[in-house]
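S.K.: structure of the sequence below:
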Amino acid sequence: MHLDLDTYLKLPRVQDLALSPDGRRLISTVATVGPDGKKFVSALWELDPDGAKPPKRLTHSPKGESGPAFLPDGSLLFHSARPDPDAAPDDSRRDEDAPALWLLPPGGGEARQVLWMPAGIEALAVARETGTVVAASAMHPATATPDEDAERQKARKDAGVTAQLFEHTPIRFWDHYLGPRERNLVLARLSGDQEDSELPKVLADAPGRSLDESAFDIAPDGSTVYVTWRLPDANRISCQMLAFDTVTGERTVLADASEAAWLGEPTASPDGRFVAWTRETTGTPDVSPKISLHLFDLTTSEGRNPIPDAELWPSGLTWSDDSSALFFAADQNGRAPVFRLEVTGPEAGKLTRLTAEGAYTHLNPSPDGTKLYALRSTWAAPPEAVVLDATTPDQTPAPIPTPGVPLEVPGRLEEVLATASDGTPVRSWIVLPPGASDSNPAPLVVFIHGGPLGSWNAWSWRWNPQLLAERGYAVLLPDPALSTGYGQAFVDRGRGRWGDEPYTDLMAAVDAAEQRPDIDETRTAAMGGSFGGYMANWVAGHTDRFRCIVTHASLWSLEQFHGTTDEPVYWRDEFGSPEDDAARYREHSPDRFASQIRSPMLVIHGELDHRVPIGEALRLWTDLTRFGVEAKFLYFPDENHWILKPPNIRVWYETVFSWLDQHVLGKDWTRPPLL
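M.R.: Numbers count the residues shown, from 1 in each chain. The predicted structure is shown next:
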């Protein structure tokens, strides 16, 4: 297949995976560009767990469907903003485009709406024995029912009031302001039989902002909800792990972060004995963050880290059906393999890596304990449903027919190994275009990942190197200091030192790539977004080896950024307060080297980006023009930290392609037709 931009935008995007209680149905959400070409619309698809039948689309609403989950009786739950045919014609209680919860009976038939909230349903957990569900939704303070919340919202709308009074911090999150509603949890007992369903009950009284980013799960018998509860503290991230009694509303503290830490992904074992969660310390300017696994025994009220010596950062926690083992994924050496941890029995504590290649998400163990279903991707393949043996180490999974795959990509994937100035190994992926060889070396584009805690280990719909490979570029995907999957010491090397080891590691990786005979070291460019954008700006001020730079959603002035980003406490955890650690801010701030920039720069930013606010790009643009640097500014008034709308994605790539072609290949600048 010729993977050009048109083909890329039309590709189905597989987003999640859910297995029915009997193991016979496998459901995924798949997003495609809608009929008007202006947005992505998601639908539910059924995949064959046995891998024999082709995928089948289940839903077709113009509003889309997502978030599949199953009730114990096999009924399929999903989120959708589709209109309710049973609602009164003048029913305006629900906000426009707010998704409700719908149920599709196990034997087929018409879906029906089973749970609505005026602001919509955000997330869901299901009690595997009783069918009790807990869902997240935002509600106005001092409202106890959906109707009360709708009345409060209507009163504001009728009065023309859009103002908000803030009494907390933070006040923004990624692309929106927080409030006036507050995120809460609601409980409902649902059933495939409409007569057995119960209306929702609000779980928390006056939660404030404590549930804004919370994760939650519900006990198998529906008696308890386990939830992350953020404590009100403007100077650090700290939280509790709470157990809410679903009948009385009584709260029990299972864990209280004694230091700055975030407790996430609470996951109840099927037998009701354990709750597992992740614990992420936020660190200090001198101590790096760390993610660990925590196992809490509800029968003894004791908790521990069951793998204290494993330098892994677990995610996607999932229990085996018999509660004997816990599955999770973790970054490791440029991959994100699946691990199995024995929790009970004679092999308790044994850790097995089930896969050697690829990056895995959405783990679904089979009820008979023999299989594990997941989504797998690499830089050579988009997410695809696969099935693993539940116990075999370092296996190759069997693919399951999935929309959009197999996909023939133009670039071939290899690894590049380098040695940093202090002797530390630095590894990268490189995507090589067709025809790249010793006699036909390819121009090189360096992608710098964001985070900064992260790794180039999985397919991305945000920045995809295969589109550049199709145009003849090689793309280097380096994991410098601060990257995850290489041990804690590798993260420590870059903590609060962004302009030091992360930069020198990056240059070591580029040096190693340029020594390859199939790479043309005279034609190179560098690109980065978020932290990668910071590093692109730092690169621009410290070397002119690249013919051009692309900097997206980038940090420019670290002191300015501290006061405008949506979560400044994370920033202070790493760099300290600007009053006490001003030297650290200035030492690593790219704007200090504006006068030294010689490489042409393409600046890209979205107005709705509150994580890296637009002021960073505006000040960067001003400085570039002030010092006479050749530059362009691609501005998106309706996008945030990510470019999400199909027409804007097209314009983003067309502009980047033209910029690289002009400066790396020496072609004439071609302005995208709609700009």
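S.K.: give me the number of residues near Gly264?
M.R.: For Gly264, the neighbour count with other Cβ atoms under 10 Å is 18. C-beta here means a position set from N, CA and C on the backbone, and glycine is covered the same way.
S.K.: my hunch is that it is in a helix, does that hold up?
M.R.: No: assigned with DSSP: H, G, I helix; E, B strand; the rest coil, Gly264 falls outside any helix and is strand.
S.K.: show me where the stretch 551-675 of the chain has its helices.
M.R.: Taking DSSP state H, counting those that start in this stretch as the criterion, the stretch 551-675 of the chain carries its helices at 558-564, 568-575, 582-587, 614-626, 646-664.
S.K.: try the chain
M.R.: Secondary structure of the chain (DSSP state H): helices located at 5-10, 146-159, 465-470, 488-492, 501-514, 531-542, 558-564, 568-575, 582-587, 614-626, 646-664.
S.K.: quick revisit: Thr361: which of the helices of the stretch 551-675 of the chain is closest?
M.R.: Among those, the nearest to Thr361 by Cβ to Cβ is helix 646-664 (21.8 Å).
S.K.: can I get the closest one in CSV, CA atoms only?
M.R.: Only the C-alpha atoms of helix 646-664 are listed here, as CSV (Å, rounded to 0.1, in the frame of the first residue of the first chain):
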residue,chain,number,x,y,z
PRO,A,646,-8.5,15.7,10.3
PRO,A,647,-8.3,19.0,8.3
ASN,A,648,-5.8,20.4,10.8
ILE,A,649,-3.8,17.2,10.8
ARG,A,650,-3.5,17.5,7.0
VAL,A,651,-2.4,21.1,7.2
TRP,A,652,0.1,20.2,9.9
TYR,A,653,1.8,17.5,7.8
GLU,A,654,1.6,19.6,4.6
THR,A,655,3.4,22.5,6.3
VAL,A,656,6.0,20.3,7.8
PHE,A,657,6.6,18.4,4.5
SER,A,658,7.1,21.7,2.7
TRP,A,659,9.4,23.1,5.4
LEU,A,660,11.6,20.0,5.3
ASP,A,661,11.6,19.7,1.5
GLN,A,662,12.7,23.4,1.2
HIS,A,663,15.5,23.3,3.8
VAL,A,664,16.7,19.7,3.7
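S.K.: list the buried ones in that helix?
M.R.: Under the neighbour-count criterion of 16 or more other Cβ atoms under 10 Å, helix 646-664 has 646, 648-664 buried.
S.K.: list the contacts of it.
M.R.: With contacts defined as Cβ atoms under 8 Å, 6 or more residues apart in numbering, helix 646-664 is touched by 5, 9, 33, 37-40, 443, 445, 467-468, 471, 473, 523-525, 527, 547-548, 550, 600, 602, 604, 632, 634, 636, 638-639, 643, 667-675.
S.K.: try 7 Å this time
M.R.: 5, 9, 33, 37-40, 443, 445, 467, 471, 523, 525, 547-548, 550, 600, 602, 604, 634, 636, 639, 643, 667-670, 672, 674-675 (Cβ atoms under 7 Å, 6 or more residues apart in numbering).
S.K.: what about the residue lying farthest from the centre of the chain, distance to Val664?
M.R.: Distance from the C-alpha centroid of the chain peaks at Ser439, with 40.3 Å (Cα atoms, centre = their mean). Going from Ser439 to Val664 by Cβ to Cβ, to the nearest Å gives 20 Å.
S.K.: now stretch 466-481: average pLDDT?
M.R.: In this model, stretch 466-481 has an average pLDDT of 98.
S.K.: check the offset of that stretch from the chain's centre.
M.R.: Here the centre of stretch 466-481 is set off from its chain's centre by 21 Å, with Cα atoms, centre = their mean, to the nearest Å.
S.K.: what comes up buried for that stretch?
M.R.: Buried, per 16+ other Cβ under 10 Å, within stretch 466-481: 466-481.
S.K.: quick one: low-confidence parts of this protein?
M.R.: For the chain, the stretches flagged by pLDDT under 70 are 1, 88-95, 192-198, 258.
S.K.: that one - how does it break down into domains?
M.R.: With domains defined by automatic domain parsing, the chain comprises 220-302, 412-664.
S.K.: follow-up on the earlier one: format the helices of the stretch 551-675 of the chain as TSV; extra columns: distance to Leu417.
M.R.: Shown next, in TSV, are the helices of the stretch 551-675 of the chain (distance: least, Cβ to Cβ, whole Å):
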stretch	distance to Leu417
helix 558-564	32
helix 568-575	28
helix 582-587	30
helix 614-626	33
helix 646-664	25
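S.K.: wait, which of those helices is closest to Ala536?
M.R.: helix 614-626 (10.4 Å).
S.K.: tell me which strands and helices the closest one is in contact with?
M.R.: Helix 614-626 is packed against helix 558-564, strand 601-606, strand 631-636, with contacts defined by 3 or more Cβ pairs under 7 Å, 6 or more residues apart in numbering; DSSP states H and E.
S.K.: could you identify which of the ones you listed is most buried?
M.R.: strand 601-606 (a mean of 25; mean count of other Cβ atoms under 10 Å).
S.K.: CA atoms only: put that one into PDB for me.
M.R.: C-alpha atoms of strand 601-606 as PDB (Å, rounded to 0.1, in the frame of the first residue of the first chain):
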ATOM      1  CA  MET A 601      12.600  27.400  12.600                       C
ATOM      2  CA  LEU A 602       9.000  26.400  12.000                       C
ATOM      3  CA  VAL A 603       7.000  27.200  15.200                       C
ATOM      4  CA  ILE A 604       3.700  25.300  15.700                       C
ATOM      5  CA  HIS A 605       1.200  25.900  18.500                       C
ATOM      6  CA  GLY A 606      -2.500  25.500  19.500                       C
END
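S.K.: thank you kindly, that will do.
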